[in-house]
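Participant: the sequence and its predicted three-dimensional model are supplied below.
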Amino acid sequence: MLASRWRGGTLCRVRILLIAPPGAGKGTQGKRLAADLGLTYLSTGDVLRKHVAEQTPLGIEVQDVLASGDLVGDELMESLLRQPLVDAARAGGYVLDGFPRTLHQAEAAYVMASELGVTVHAALALEVDDETVLQRMKGRAAASPDARADDNDEVMRHRLEVYHSQTEPLLAYYEGRGILHRIDASGEVDDVYKAIRAIVDPLPYDPPSD
């Protein structure tokens, strides 16, 4: 499954950003894409929830924010992800899930990535209507014995409101940079993945470093 990253006998680098409302399936698709292409999968949600579960100083600081469905502050997220992003980019690329989530984060990330020569090749927007993602989140909560603290109806709806007000503006930002690709993510998982690969496989990846 790594063939799409081999160009002219050399393994190339690629960096992918996923943007989607909660419940749109970006975790499922991101993990699969990263595994198939041999990339690092970076999920800010997974990282933060791990800190909360382990009750680290960071976890204690952000647990109430996560439980309410709000976003963790820009400076904290930027400092948390700076080194992992650099390491992943140098290792061959990444699929990034959950960052940036605000326009400020996107602009700051672009400045940092430009300085390091590791800007993203594509921002994939997985688009699903609100009612569908609400039903998916409710189904996830009902099916899981370890339901997340933010999987209740009030917080689910608040998370969607936060997405529309703070994260959705990123679509115009990445569209302006010419790297946004919109994908209908309301269908079956395999069909959505095929649509993702149709976009990702032809990307002009970076050549490997010496």
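Facilitator: All right, it came through fine.
Participant: from now on I want contacts and neighbour counts done on CA atoms only, so please keep to that.
Facilitator: OK.
Participant: tell me where the protein is predicted with low confidence.
Facilitator: For the chain, the stretches with pLDDT under 70 are 1-12, 144-151, 207-210.
Participant: show me the residue at the heart of it, geometrically.
Facilitator: Centroid-nearest residue in the chain: Asp97, 1.5 Å away (criterion: C-alpha atoms, centre = their mean).
Participant: what count of nearby residues applies to the nearest residue to it once chain neighbours are set aside?
Facilitator: Using C-alpha to C-alpha, 6 or more residues apart in numbering and skipping residues adjacent in sequence, the residue nearest Asp97 is Ser43, 4.7 Å away. By other C-alpha atoms under 10 Å, 19 other residues sit near Ser43.
Participant: next, Ser43: phi, psi?
Facilitator: phi -110, psi 120 (degrees, to the nearest 10).
Participant: what separation do you get for it and Gly178?
Facilitator: Relative to Gly178, Ser43 is positioned 24 Å away (C-alpha to C-alpha, to the nearest Å).
Participant: re earlier: for the residue nearest to the centre of the chain, what are its contacts?
Facilitator: With contact set as C-alpha atoms under 8 Å, 6 or more residues apart in numbering, Asp97 has these partners: 17-19, 26-27, 30, 41-45.
Participant: select only the buried ones of those in PyMOL?
Facilitator: Buried residues within the contacts of Asp97, by 16 or more other C-alpha atoms under 10 Å, are selected in PyMOL with:
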select buried, resi 17+18+19+26+27+30+41+42+43+44
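Participant: between the contacts of Asp97, which is nearest Gln166?
Facilitator: Checking the contacts of Asp97 against Gln166 with C-alpha to C-alpha, the nearest one is Ile19 at 11.9 Å.
Participant: residue ranges of the helices in the protein, please?
Facilitator: Assigned by DSSP state H, the helices in the chain fall at 26-37, 44-54, 57-68, 74-91, 103-116, 130-143, 153-162, 169-176, 189-200.
Participant: give me the buried positions along stretch 175-193.
Facilitator: Within stretch 175-193, the residues scored as buried using 16+ other C-alpha under 10 Å are 179-183, 185-186, 192-193.
Participant: oh, I was asking about stretch 63-77
Facilitator: For stretch 63-77, the neighbour count (16+ other C-alpha under 10 Å) marks 63, 66, 68-72, 74, 77 as buried.
Participant: what's the span of it, first residue to last?
Facilitator: So stretch 63-77: terminal residues 14 Å apart, C-alpha to C-alpha.
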